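> Next one to model:
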Amino acid sequence: MIRFECDYAEGAHPLIMQALVETNMEQTPGYSTDEYCGKAREYIKKACGSEDISVEFMVGGTQANATVISACLRPHQGVLCPISAHINTHETGAIEACGHKVLTLASDDGKVKVEQLEAAWNEHVNDANREHVVQPGMVFISQPTEIGTLYSLKELTEISEFCRKSGLIFYIDGARLGYALGAPENDASLKDITKLTDVFYIGGTKVGALFGEAVVIPNKEIQKDFRYHMKQHGGLMAKGRLLGIQFKTLFEDSLYYDISKQAVAYALRIKEAFAKCNVQMLVDSPTNQQFPILHKSQMEKLAEKYSFTFWERIDENYSCVRFCISWAAKEEQIQALEKDILDICK
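Numbering: from 1, shown residues only. Here you go, the predicted model:
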């Protein structure tokens, strides 16, 4: 069975495993105050084009989201996001458990438009009874989105300008950020994201690391007490050097970008194979996630050799599924899938 249901089925890139083994018996200070975390921060700051940011390392995406949102918001505030956002669909109410309401906006492409945000904000501030309802305090998006689509630099700039005008925090979940940066049509760099946001994270768990996310904080007010929030949320890892070593390895050369770009190239080949068979896609994704709409007979045939994710039912005969191409995918696996996609369409 070849697994394409997610991009974290494998362990870690061999260079990361090698670095962890080679440094295993070294003694270092705890809680990410070691030299490896220091070097990783140095590399990430250079990639982001700023020395004024702070970089903190956490284990996973849900932990990072809950900690960041709790650190940024007052008790009466909530988070504006697309209805498909990870914090709304796949985090078991973690944000609500921290006392903050998730305020969802309709979306058919995984994105929110600045016009929606403006409407939601204006509705609140113009409500004579606004103190009786949750106040929007943050805009949360993912880059790429949950369904693999991308925000353009223009869209990100518009959202950023709206947030700054309205006094809202702009936060980007970057669990798959590498795959966004590696997409041919992407025009928003890491430096752009750093300039436009108050806080974001660079995902490692889904992009080559054994585990770990790097939370990047351009906003100095959020920087100030962030490590207190990390500790309170169980996110200040004692053996923090395990995170630093991984991000040092990912960013000391171009490993993070190279493995992301390769995965996207493979995914676009899969997309092309489905296109040759006239298989429709749920969305036009330029990243490592592809969402073909398959007849149940086609699904059954592919499921004999491949593991993929059921996404949603279209009608009694067709369903959308997700093929998620990992940073660790191999050429022979992609070739086999391309061939079998063509075979099911004969």
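
> Pull the distance from stretch 245-254 to the chain's centre.
Here stretch 245-254 is found 18 Å from its chain centre; the criterion is CA atoms, centre = their mean, to the nearest Å.

> for that stretch, which positions count as buried?
Ile245, Gln246, Phe247, Lys248, Thr249, Leu250, Phe251 (16 or more other CB atoms under 10 Å). From N, CA and C alone the C-beta is placed, and that goes for glycine too.

> tell me the SS of the second one?
When the structure is reduced to helix, strand and coil (DSSP: H, G, I helix; E, B strand; the rest coil), Gln246 reads as helix.

> Tell me how many other residues crowd the residue lying closest to it once chain neighbours are set aside.
Nearest residue to Gln246 in three dimensions, chain neighbours excluded: Ala209, at 4.5 Å (CB to CB, 6 or more residues apart in numbering). Ala209 has 26 neighbouring residues, counting by other CB atoms under 10 Å.

> Ok, Met230 next?
Neighbourhood size, Met230 [other CB under 10 Å]: 23.

> same deal with Val134?
15.

> Quick check, it in contact with Leu103.
Yes - under the criterion of CB atoms under 8 Å, Val134 makes contact with Leu103 at 6.7 Å.

> sorry, back to before: give me the phi and psi angles of the residue nearest to Gln246.
phi -90, psi 160 (degrees, to the nearest 10).

> That one: what's it in contact with?
Ala12, His13, Ile16, Gln246, Phe247, Leu250 (CB atoms under 8 Å, 6 or more residues apart in numbering).

> can you list residues touching both of Val134 and Leu103?
Contacts common to Val134 and Leu103, judged by CB under 8 Å, 6+ apart, are Gly78.

> Setting the sequence-adjacent residues aside, check what's closest to Gln63.
Excluding its sequence neighbours, the residue lying closest to Gln63 (CB to CB, 6+ apart) is Gly235, at 5.2 Å.

> What is the three-state secondary structure of the one you found?
Assignment for Gly235 (three-state DSSP): coil.

> what number of residues lie near it?
Count around Gly235 with other CB under 10 Å applied: 22.

> Contact partners for it?
Counted by CB under 8 Å, 6+ apart, Gly235 has contacts Met58, Val59, Gln63, Ala64, Thr67, His229.

> Next, work out how far apart the second one and Phe226 are.
From Val59 over to Phe226 the distance is 15 Å, taken as CB to CB, to the nearest Å.

> which one of those two has more residues nearby?
Neighbours were counted for Val59 and for Phe226 using other CB under 10 Å; Phe226 has more, 21 against 17.

> circling back: could you dump the buried residues of stretch 245-254 into TSV with distance to Pro75 added?
Below are the buried residues of stretch 245-254 laid out as TSV (distance: CB to CB, whole Å):
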residue	distance to Pro75
Ile245	37
Gln246	34
Phe247	33
Lys248	37
Thr249	39
Leu250	36
Phe251	36
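
> Just the pLDDT at Ile325, thanks.
For Ile325, the model assigns a pLDDT of 98.

> again with Met1
pLDDT, read off for Met1, is 89.

> Quick check, it in contact with Ala303.
No - assessed by CB under 8 Å, Met1 is found out of contact with Ala303, at 9.3 Å.

> And these two? Which one has more around it.
The neighbour count for Met1 versus Ala303, taken as other CB under 10 Å, is higher for Ala303 (14 against 8).

> That one and Lys296, how far apart?
Between Ala303 and Lys296 the computed distance is 10 Å (CB to CB).

> What ranges does the stretch 201-346 of the chain have for its strands?
Listed in chain order, the strands of the stretch 201-346 of the chain (DSSP state E, counting those that start in this stretch) span 213-217, 289-290, 293-295, 306-307, 309-313, 318-324.

> what comes into contact with the third one?
Right, strand 293-295. Contacts for strand 293-295 (CB under 8 Å, 6+ apart): Val279, Gln280, Met281, Leu282, Leu302, Ile314, Asn317, Tyr318, Ser319, Cys320, Val321.
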